[in-house]
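# Need a 3D model of the sequence below.
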Amino acid sequence: MAATPANPAAATPRRKASRHRGEGQWAAGHFTPLNGNEQFKKDDDGLNVRTRIETIYSKRGFDSIDPNDLRGRMRWWGLYTQRRQGIDGGKTAVLEPEELDDEYFMLRVRIDGGRLTTQQLRVIGEISQEFARGTADITDRQNVQYHWIRIEDVPEIWERLEAVGLSTTEACGDTPRVIIGSPVAGIAADEIIDGTSAIDEIHSRYIGSKEFSNLPRKFKTAISGSPLLDVAHEINDIAFVGVVHPEHGPGFDLWVGGGLSTNPKIGVRLGAWVPLDEVPDVWAGVIGIFRDYGYRRLRTRARLKFLVADWGAEKFRRTLEDEYLKRPLLDGPAPAEPVARWRDHVGVHRQNDGRFYVGFAPRVGRVDGATLTKIAELAEAHGSNRVRTTVEQKMIILDVEETQVESLVEALEALDLTAKPSPFRRGTMACTGIEFCKLAIVETKARGASLIDELERRIPDFDEPITININGCPNACARIQVADIGLKGQLVLNDKGEQVEGYQVHLGGALGLEAGFGRKVRGLKVTAEELPDYVERVLKRFQAEREDGERFATWAARASEEALS
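Predicted structure coming up:
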């Protein structure tokens, strides 16, 4: 009989021990940088790069910029290198960063709540004309983006922006990005609660502070008390949505963990009601969880939505209450579905003080510095000194007397800025695209503008709300998954077997009304040349097959693949 080993475990072959690396969560003690981005953030806070830009890079030029500043920390001040001209989409994922970089920058102006004075808008327009070759796109996060910016000019641009209360601080980078808000906060007749004071308090306390300047990835915030749900709250890292508590009155419903890109997720309700004066503290608690528990090992899993998906709403709320707020939150109601189909505030609307606001539609957010300056002049000529940007790449002039409305609408039309747009002009958005973006594969802005023209010509009787979102790559900056027709740029084969620009099609996405992601039809891709024909065909089928009152998203969910092809 064989002897029994003194240590029974010795009879079992031992596996090679491996150290669990974790997910790079600081709260779990995983502080060792696990990728290049975490390393350069550990080496130096991104906010510190401003001094080097002002004292070294702007004086010595582009070639003097440290690579970790150029492609990393400079984002903390709203600066990205733009795409070198003439590089086609087939080379986007092939070339090294230094081969894609031009010696010019995109510069993003941060506009929290979309709020601008006419003086601020005029300065934005003047900077565009002097330093950005006239470029000034309105984004779907209420910002303005310049292109063709030289590093030598950045300090003067900052000086001019900051002189009128604007900045580029943390407009990009692993930071708390711009806080989007209802563009009609404080003046809408149907508003539940005005979140402006919370936006201002968060901004003054935390933006530019090193308390939250090193996050695992970007952090997107939305605050709105509009019953139209006008800030795409479902796809932000944190959102405060106006609701009325049956006992405590107006406040906010708290959502966390939304986001799109290549792994889209609709945010989740925590079931908590937050009064206006507590919004900044709750915001700080949620972003604190993200900073401390967020996944830093892999950039592809570093957004808050992955932590929320793993933890669930109950654990997330418990951690927020126990570890960060040190008190429980009140339970509260969910927001009601919006009654209106459009949420962009385009058109003429009465304010709560009896005056009017006028919302108008540039083409796919594409404007220029001269036009922005003229908008400021028009607003002032019609008695207003306040304008707003929206999350649908639109603009609004506030505080217009009734006697001035018609004149203002006519003056805007003369600038091709209509307050009475077709559904196609109103509902089409596009990201920056291959013209300037280093991630893009196809063109977007010009294609979106030409698609609007084609559809207005081909289907002039179409009068249903429709959203057509065009993206140059899979990253969903133009929110393709939640559009009626979402177009994700990629290279496709045409009928001759040639590789050309085209799009994968997503159909039937939505926000607000039964929020969800669009449907992909197997194998459905269209070339850029075929795009107007395809969209016309699908919309005409919708017109022919829809039931009374049926939305496009509802029809697309039940339609056959043949009808959608």
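# check contacts around Pro474.
Applying C-beta atoms under 8 Å, 6 or more residues apart in numbering to Pro474 gives the contacts 261-262, 488, 490. All C-beta atoms are positioned from the backbone trio N, CA, C, and that covers glycine.
# Go again with 6 Å.
Counting by C-beta atoms under 6 Å, 6 or more residues apart in numbering, Pro474 makes contact with 262, 488.
# so is it in a helix, a strand, or just coil?
When classified by DSSP: H, G, I helix; E, B strand; the rest coil, Pro474 comes out as coil.
# Please report the distance of it from Gln543.
30 Å (C-beta to C-beta, to the nearest Å).
# Repeat that for Lys42.
Distance from Lys42 to Gln543, by C-beta to C-beta: 57 Å.
# okay, those two: which has more neighbours?
Gln543 (15 against 12; other C-beta atoms under 10 Å).
# What strand or helix carries the more buried one?
Assessed by DSSP states H and E, Gln543 sits inside helix 531-545.
# Could you say which helix or strand holds the nearest residue to Ala510 once chain neighbours are set aside?
Among residues not flanking Ala510 along the chain, Ala553 sits closest, at 4.4 Å (C-beta to C-beta, 6 or more residues apart in numbering). For Ala553, the host element (DSSP H and E) is helix 552-558.
# ditto for Asp292
helix 279-293.
# avg pLDDT for that helix?
Across helix 279-293, the average pLDDT comes to 98.
# quick one: average confidence on the helix or strand following it?
With elements assigned by DSSP H and E, the helix or strand that comes after helix 279-293 is helix 304-311. For helix 304-311, mean pLDDT rounds to 98.
# Same question for stretch 332-346.
Throughout stretch 332-346, pLDDT has a mean value of 92.
# do stretch 44-59 as well
Rounded mean pLDDT across stretch 44-59 is 98.
# same check, this time on stretch 132-144
The pLDDT scores in stretch 132-144 average 97.
# Would you mind listing the buried residues in it?
Neighbour counts over stretch 132-144 (16 or more other C-beta atoms under 10 Å) mark 132, 134-144 as buried.
# Stretch 78-89 now?
Neighbour-count burial for stretch 78-89, counted by 16+ other C-beta under 10 Å, picks out 78-83, 87, 89.
# Repeat that for stretch 63-82.
65-66, 68-82.
# Next: stretch 283-294.
Result for stretch 283-294 [16+ other C-beta under 10 Å]: buried residues 283-291, 293-294.
# Kindly reformat those residues as JSON lines containing distance to Val400.
Output for the buried residues of stretch 283-294, formatted as JSON lines (distance: C-beta to C-beta, whole Å):
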{"residue": "Trp283", "distance to Val400": "33"}
{"residue": "Ala284", "distance to Val400": "37"}
{"residue": "Gly285", "distance to Val400": "40"}
{"residue": "Val286", "distance to Val400": "37"}
{"residue": "Ile287", "distance to Val400": "37"}
{"residue": "Gly288", "distance to Val400": "42"}
{"residue": "Ile289", "distance to Val400": "43"}
{"residue": "Phe290", "distance to Val400": "41"}
{"residue": "Arg291", "distance to Val400": "43"}
{"residue": "Tyr293", "distance to Val400": "47"}
{"residue": "Gly294", "distance to Val400": "44"}
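# Show me which of those is closest to Arg327.
Closest to Arg327 out of those is Gly285 (10.2 Å), distances taken as C-beta to C-beta.
# And the residue nearest to Ala510, how far from Gln481?
Distance from Ala553 to Gln481, by C-beta to C-beta: 12 Å.
# so what sits against both of the two?
By C-beta under 6 Å, 6+ apart, no residue touches both Ala553 and Gln481.
# residue contacts, the residue most central in space within the chain?
With distances taken as C-alpha atoms, centre = their mean, the residue of the chain nearest its centroid is Arg141 (4.4 Å). Taking C-beta under 6 Å, 6+ apart, we find Arg141 in contact with 178, 180.
# Among the buried residues of stretch 78-89, which one lies nearest to Gln404?
Using C-beta to C-beta, those come closest to Gln404 at Gly78, 35.0 Å.
# pretty sure the closest one is touching Thr169, no?
No - counting by C-beta atoms under 6 Å, Gly78 sits too far from Thr169 to count as a contact (7.5 Å).
# What helices and strands are in contact with the helix or strand encompassing Val178?
Assigned by DSSP H and E, Val178 belongs to strand 176-181. Applying 3 or more C-beta pairs under 6 Å, 6 or more residues apart in numbering; DSSP states H and E, we find strand 176-181 packed against strand 219-224.
# Adjacent strands (with direction) for the strand it packs on?
Strand 219-224 has the following strand partners under DSSP bridges: strand 176-181 (parallel), strand 238-245 (parallel).
# Next, the angle from it to helix 279-293.
Angle of strand 219-224 versus helix 279-293, following axes from the mean of the first three to the mean of the last three C-alpha atoms, to 10 degrees, is 160 degrees.
# Going forward, the N-terminal residue is numbered 16.
Happy to do that; since the first residue is 16 now, the last one works out to strand 234-239.
# and Ile194, how many neighbours does it have?
As a burial measure, Ile194 scores 29 neighbours (other C-beta under 10 Å).
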